[in-house]
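what follows is a predicted protein model with its sequence.
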There are 2 protein chains.
Amino acid sequence: MPFRQIGSQLVKGTTPLLVLTVIGEGELYGYEIAQAVRERSGGAFAPSEGSLYPTLHRLELDGALVADWRASDRGPRRRYYKLTKAGRGMLAESRTEWSALVRAVDAVSSGG
Amino acid sequence: MPFRQIGSQLVKGTTPLLVLTVIGEGELYGYEIAQAVRERSGGAFAPSEGSLYPTLHRLELDGALVADWRASDRGPRRRYYKLTKAGRGMLAESRTEWSALVRAVDAVSSGG
DNA sequence: TGTGCTATATCGATATCCGAGGTAGCTCCC
DNA sequence: GGGAGCTACCTCGGATATCGATATAGCACA
């Protein structure tokens, strides 16, 4: 039973964390990243191409990812991404920041 | 020691939840809401006027809040907000959605 | 030939944030 | 009197991120 999809406003900013997380476990290409995020979140996250590809380009530009094109034997070529050392650092930072966010929301909810 | 401030992108969409949460515990005016959120989150959230006031206006327009002006004996007049019944419903929904978000991020992090 | 899945990319509309700026009341103090 | 500083509201512009739509293209299958 999939989760209901989460509103796009609340999701904002989580995409880099999610992308870095799944790439951190192995080299993946874009389409596969979207699938992994969708499946592992039980459907709660379903990043569209319009947000996924710009995010990947941005992370590559920032030095978090490196990528190379590879042919596929059944379909169009794929662009495989993997984490750099800087990317691992960013992933760790993103996780820390996410935890801080969750703690802070919880603190407000429970009266500080 | 306050938490480090959380990046604005990650914060997006949490403002209505935080605002509804603090107003849910009693009538408050705008400036006081900002203070409450800032203090209760240990400084992690520090909503600026540029995001707080539009959020309040939006929630009022959506029927989640009702407001009235009251004079202050020391300073400018204040606009006090309180939750409507619809607002309580929205607060409950926001909480549910927030929990789903946290669970989903956790699911992706821990491999689905 | 055409339907459908794979795979990448970009664009425009929408939404939200922050910082800066404006208005204004009151207090304190020189 | 007059300025600094806090309270209290509001709005505007720029940056950023999301989605849906659109485009291109390879391959499979009927």
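Thanks, I have the structure now.

name the single longest helix found in chain A.
In chain A, taking DSSP state H as the definition, the longest helix is helix A:85-109.

check which helices and strands it sits against.
helix A:15-23, helix B:8-11, helix B:15-23, helix B:30-40, helix B:85-109 (3 or more Cβ pairs under 8 Å, 6 or more residues apart in numbering or on different chains; DSSP states H and E). (Each C-beta comes from the backbone N, C-alpha and C, glycine too.)

these: which one's closest to A:T96?
helix A:15-23 (10.4 Å; Cβ to Cβ).

what average pLDDT does that closest one get?
Helix A:15-23 shows a mean pLDDT of 98 in the predicted model.

pull the CA atoms of it into CSV?
Only the C-alpha atoms of helix A:15-23 are listed here, as CSV (Å, rounded to 0.1, in the frame of the first residue of the first chain):
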residue,chain,number,x,y,z
THR,A,15,15.5,16.2,-3.6
PRO,A,16,19.3,16.6,-3.3
LEU,A,17,19.3,14.6,-0.1
LEU,A,18,17.3,11.8,-1.7
VAL,A,19,19.3,11.7,-4.9
LEU,A,20,22.7,11.7,-3.0
THR,A,21,21.4,9.0,-0.7
VAL,A,22,20.5,6.5,-3.5
ILE,A,23,23.6,7.3,-5.6
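
now do it against helix B:85-109, angle only.
Between helix A:15-23 and helix B:85-109, the angle comes out at 30 degrees (axes from the mean of the first three to the mean of the last three Cα atoms, to 10 degrees).

spell out whether helix A:15-23 and DNA strand C are in contact.
No - applying Cβ under 7 Å from any atom of the strand, one finds helix A:15-23 separated from DNA strand C by no less than 12.1 Å.

close to DNA strand D: what parts of chain A are there?
So chain A meets DNA strand D at A:8, A:11-15, A:46-51, A:54-55, A:58, A:74-76 (Cβ under 7 Å from any atom of the strand).

go again using 10 Å as the cut-off
Counting by Cβ under 10 Å from any atom of the strand, chain A comes close to DNA strand D at A:5-19, A:34, A:45-55, A:58, A:71-77.

what residue is smack in the middle of chain A?
Taking Cα atoms, centre = their mean, the centroid of chain A lies closest to A:V19, which sits 1.9 Å from it.

tell me how far the residue in chain A that DNA strand D sits nearest to lies from chain B.
Nearest residue of chain A to DNA strand D (Cβ to the nearest atom of the strand) works out as A:G50 at 1.9 Å. According to Cβ to the nearest Cβ, to the nearest Å, A:G50 stands 16 Å off from chain B.
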